[in-house]
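*Asks:* my questions are about this predicted structure, shown below with the sequence.
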Amino acid sequence: MAKPSFDKAYEPHEVERRWYAFWEENGLFAAEEESDRPSFSIVIPPPNVTGVLHMGHALNNTLQDILCRYRRLCGDNVLWMPGTDHAGIATQNVVERNLAERGLTRQALGRERFIEEVWRWRETYGSAIIHQLKRLGASCDWRRERFTMDEGLSRAVRKVFVDLYREGLIYRGDYIINWCPRCHTALADLEVEHEEVDGRLYHIRYPFAGAAGGLTVATTRPETMLGDTAVAVHPEDERFAALPASAVLLPLMDREIPVIRDPYVERGFGTGALKVTPAHDPNDFEIGRRHGLPAVKVIGDDGRMTAEAGRFQGLDRFACRKQVVAELERLGLLVEARPHRHAVGHCYRCRTAIEPNLSRQWFVRTRPLAEPAIAAVREGRTRIIPETWANTYFDWMENIRDWCISRQIWWGHPIPAWTCAACGEVHVAMEAPGRCTRCGGSELAAEEDVLDTWFSSALWPFSTMGWPEDTALLRRFYPTSVLVTGFDILFFWVARMMMMGLHFLKDVPFRDVYVHALVRDEEGQKMSKSRGNVIDPLEVIDRYGTDAFRFTLAAFAAQGRDIKMSEKRVEGYRHFINKIWNAARFALMHLEGVQDLPPASELSLADRWILSRLANAAHETRRALDAYRFNDAAAALYRFVWHEFCDWYLEAAKPALQDPARPQPRAAARAVLGRVLREALVLLHPFIPFVTEEIWHHLPGTSGSISRAAFPEASGFRDPGAEERMGILIEAVTAVRNVRGETGIAPGQALEALVHAGRPEVREVLAAQRELVMRLARLSSLSFLEAPVRPRGAATAVAAGATIYVRLEGVLDFAREAARLEKELGKVEKELAAIERKLVNADFLAKAPAEVVHKVRSQQAELGERREKLRAHLDRIRAYDSAS
RNA sequence: GGGCGGAUAGCUCAGCCGGGAGAGCGUCGGCCUUACAAGCCGAAGGUCACAGGUUCGAUCCCUGUUCCGCCUACCA
């Protein structure tokens, strides 16, 4: 492949395309089914086939990719299992909308042709999100890509359904479920989103049957009264202890309904009398069961009133409400309609108000499945990180209710059940039975409902690996190492995978669950189309490059905190990418061929220092990633690369690199430069895979893809002595620069400096590194004084345990210098005062650990010394000033 | 109703086992110093929301308060 030019500014797009193709062609993301290396596996949270990449996906997959690339660099055999979800309701809605544009409906098409249409749609658009994940750099093992409607996964679904049914953990029955009149299907409790709305609480008078007076009930949904079959009061409510009649006359319907007594009724709410509509309210349904009440279904599946609603038949439920209220008002039975704020359920797919409806559905008995799933987390077999989410998990699991799994839509896994036309026997089996096992009848009607999409997603960690076959993949990669997901699907998905995994594989589906935050907009608002505040990740990638975007996501992925995304941030990290790029450009000017590191004795102080800092950066990165602290890892790398490697090492190494007259230090610097850059790139690679791969191929001493390099060891070049000595140098140089900045001397003007070093080691370091200090601080000379005596016209800096005089002949503004010293002195005195307050405290001396006391004492000594020096200089400056 | 999280520099956020608070961006001053102006050097800027408590010592632990955000729930 042609080497591109190494331009001043990094140009990401061509680089990204080129390297992604290279990775895929060379199978660098492929997991091995047979391997001696440790296994590491992640199953992707499968995005909806209909979806397009949003910020949530971008964060989620960036974090997974960082982990996968990191583990590969550590030598693991990594499986990142990719795929998509058929997303029953969502996909059906999208395809239906598409049909509507062509003037068609699914009903007109018929079930079979509609399903074909969905598959066609999937062929055309279903890979969009996969391509987008690739642009993000996702290193999935794409050859293994799965789809929840694939034959293999469908088999797993049927097997699970049949087994659970036979174990009595799946049943069918008539219950109140959440019905979406728009999607025309039942929904699980979880799929209902509650929203506070301003409604009204209507007080309606139900006259007694055959007696004067009546009972006033309170309701927010007056239209349901048409289906009332009782009025309930609390058994111990004195107000209703003696009633003139045991029944009331249901207004508008002229039906007599009994007054019953049930402790469910809350005496303090409304009027204390509750209308009971068993067909349209879950609590009323229970009351109805307890009292043997009939259930009258007045609202149909289309949201319109049924024949049971009498003359209201055919009216939309909300229109009906208005009319019922109007008629009651006319009859003088509407006592009042006060404003009332309450929660109303909405369909999580289409936002339509949910109708609780009596209906025959299939359910999973969840409690027996939930118990092992609770235990697994309690016992730490699966860790939830951050831990706080474990509480949420327990809370939900412990109060779990049966799961309605049947959906009245067409796109999904058919429920494998058949009903005998002759005897009504229900058969649940993997394949359609030939004839009825009970009566021998041959006419068997297949169940028309399909399964909840989450039913198949619950199997994802093992169905993707070939279950129910006993595959090599399962043996090697199940349980998966970690699941990375957003908290919004903790119940929908994580909890259910836990239940299914434990039940069918007798082991947890994942060792760790890393729960990350939501990506919000700059103001902290949830991104949504209706708010119009959506930032498209692909546009961000177009503008700033994938690497900058990924690094931003990682840098802001602090545990337990939402990410507020703005392009400004990404721009900042694009600068970082560019910085790396330019550091590499610089390095390449000096690197030729591979050079081994010389022994430590031949390395300069800066060489030893940067190698030590590299080891430290490797250590911090490793520790942070092992703990899923992505932001810590990103920060450590940023600091190392920019503020240590670029700001100090490269500048410090320039003299050696640029001086051909001294081959030995030059060779050492070259070797170190090459080594540190290579290893830094490897450390960075999980975060910014493209630019690191690109640079890698330019560097001498590298081979193959950086994605298969070895993650640097943290222990290698630790050198505390070098770190301390370099610290002195940095402090001294910074002090001189400070003087220069504060006194307004042009950076170009070389200055003379004289140093009085109190501690011999400080003098030794500065003397040994004289040339370097001069260069970095832009000095024309650096000499040493035996006593702290300020030369004429010199500014003073106290730093690194030394006094540094900077000659500013004729330029020194005494007033300004005095002000500068005063400011410095003020700071020191304030710090010292705080320290000394501690040391006069007998309790502190007696009770604090010796090492803390020692530390404080040495701080006191150091600050005291600084204070004395500053005072002395200030006095002299003042004296000089007033004298002159 | 129950639960969880947050409040730290102008902005956005880090801050591990309690030992006197950091970064990025922004601001101010100075620099085109041949890797990088997407850059370099320097500086300013903080009652760590408020009130108590524990402790020799609290941004950190405990209690309460205020203000935000989220999850959850069958008072119609």
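*Replies:* Okay, I see it. Numbers count the residues shown, from 1 in each chain, chains lettered A, B, ... in the order given.

*Asks:* contacts for stretch A:149-169 next, please.
*Replies:* A:86, A:146-147, A:170-171, A:364-365, A:368-369, A:413, A:415-416, A:428-430, A:451, A:455-456, A:459, A:462-464, A:466-468, A:500, A:503-504 (CB atoms under 8 Å, 6 or more residues apart in numbering). Just so you know, the C-beta spots here come from the backbone N, C-alpha and C atoms, and that holds for glycine as well.

*Asks:* ChimeraX command for the buried members of those residues?
*Replies:* Buried residues within the contacts of stretch A:149-169, by 16 or more other CB atoms under 10 Å, are selected in ChimeraX with:
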select /A:86,146,147,170,364,369,413,415,416,428,451,455,456,459,462,463,464,466,467,468,500,503,504
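
*Asks:* quick check: residue A:274 touching residue A:267?
*Replies:* No: counting by CB atoms under 8 Å, residue A:274 sits too far from residue A:267 to count as a contact (10.3 Å).

*Asks:* tell me which of those two has more neighbours.
*Replies:* residue A:274 (27 against 16; other CB atoms under 10 Å).

*Asks:* so the more buried one versus residue A:827, what's the distance?
*Replies:* For residue A:274, the distance to residue A:827 equals 71 Å [CB to CB, to the nearest Å].

*Asks:* what do you get for residue A:710?
*Replies:* Residue A:710 sits 46 Å away from residue A:827, taking CB to CB as the criterion.

*Asks:* by residue count, what's the longest strand in chain A?
*Replies:* Ranked by residue count and defined by DSSP state E, the top strand of chain A is strand A:192-207.

*Asks:* so for that strand, what's the average pLDDT?
*Replies:* Over the span of strand A:192-207, the pLDDT mean works out to 87.

*Asks:* go on, stretch A:773-793?
*Replies:* Taken as a whole, stretch A:773-793 has a mean pLDDT of 88.

*Asks:* in it, what's buried?
*Replies:* A:773-774, A:776-779, A:782, A:785, A:788, A:790, A:793.

*Asks:* again, but for stretch A:589-596
*Replies:* Neighbour-count burial for stretch A:589-596, counted by 16+ other CB under 10 Å, picks out A:590-591, A:595.

*Asks:* could you export it as PDB, CA atoms only?
*Replies:* Once non-C-alpha atoms are left out, stretch A:589-596 reads as follows in PDB (Å, rounded to 0.1, in the frame of the first residue of the first chain):
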ATOM      1  CA  MET A 589      12.900  13.000  11.300                       C
ATOM      2  CA  HIS A 590      15.300  11.400  13.800                       C
ATOM      3  CA  LEU A 591      14.600   7.800  13.700                       C
ATOM      4  CA  GLU A 592      16.200   5.500  11.300                       C
ATOM      5  CA  GLY A 593      16.400   1.800  11.600                       C
ATOM      6  CA  VAL A 594      15.800   0.000  14.900                       C
ATOM      7  CA  GLN A 595      18.100   0.800  17.700                       C
ATOM      8  CA  ASP A 596      18.300  -1.100  20.900                       C
END
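
*Asks:* thinking again about what came up before, now the element after the longest strand of chain A, going C-ward?
*Replies:* Of the helices and strands lying after strand A:192-207 in sequence (DSSP states H and E), the nearest is strand A:214-219.

*Asks:* give me the distance between residue A:509 and residue A:502.
*Replies:* Residue A:509 is 8 Å from residue A:502, where distance means CB to CB.

*Asks:* these two: which is more packed in?
*Replies:* When residue A:509 and residue A:502 are compared on other CB under 10 Å, the one with more neighbours turns out to be residue A:509, at 28 against 21.

*Asks:* helix or strand for the closest residue to the more buried one other than its chain neighbours, which one?
*Replies:* Setting aside the residues directly before and after it, residue A:509 is nearest to residue A:501 in space (CB to CB, 6 or more residues apart in numbering), at 3.4 Å. Secondary structure here is read from DSSP H and E; on that basis residue A:501 sits in helix A:496-505.

*Asks:* what sits up against the helix or strand of chain A with the lowest mean pLDDT?
*Replies:* When the helices and strands of chain A are compared on mean pLDDT, DSSP states H and E, strand A:519-520 comes out lowest with a mean of 75. Under the criterion CB under 8 Å, 6+ apart, residues A:55-56, A:58-59, A:526-527, A:553, A:562-565 lie in contact with strand A:519-520.

*Asks:* if we can go back for a sec, give me the helices and strands touching the longest strand of chain A, please.
*Replies:* Helices and strands touching strand A:192-207, as assessed by 3 or more CB pairs under 8 Å, 6 or more residues apart in numbering; DSSP states H and E, comprise strand A:214-219, strand A:247-250, strand A:273-276, helix A:317-331, strand A:334-347.

*Asks:* okay, now the sheet partners of the third one, with direction.
*Replies:* The pairing partners recorded for strand A:273-276 under DSSP bridges are strand A:230-233 (antiparallel).

*Asks:* could you export the strand it pairs with as PDB, CA atoms only?
*Replies:* Taking only C-alpha atoms (Å, rounded to 0.1, in the frame of the first residue of the first chain), the coordinates of strand A:230-233 have been written out as PDB:
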ATOM      1  CA  ALA A 230     -69.700  -3.200  40.900                       C
ATOM      2  CA  VAL A 231     -69.000  -0.300  43.300                       C
ATOM      3  CA  ALA A 232     -66.600  -1.100  46.100                       C
ATOM      4  CA  VAL A 233     -66.200   0.500  49.500                       C
END
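
*Asks:* chain center to that strand, what's the gap?
*Replies:* In terms of CA atoms, centre = their mean, to the nearest Å, the centre of strand A:230-233 is set 48 Å apart from its chain centre.

*Asks:* do the same with stretch A:271-284
*Replies:* On the basis of CA atoms, centre = their mean, stretch A:271-284 sits 41 Å off its chain's mean C-alpha point.

*Asks:* residue in the stretch 1-150 of chain A nearest to RNA strand B?
*Replies:* For the stretch 1-150 of chain A, the nearest residue to RNA strand B under the criterion CB to the nearest atom of the strand is residue A:9, separated by 3.4 Å.

*Asks:* any idea what residue A:799 is bridged to?
*Replies:* With beta bridges defined as DSSP bridges, residue A:799 has these partners: residue A:802.

*Asks:* tell me how far it lies from residue A:824.
*Replies:* In this structure, residue A:799 lies at 10 Å from residue A:824, with CB to CB as the measure.
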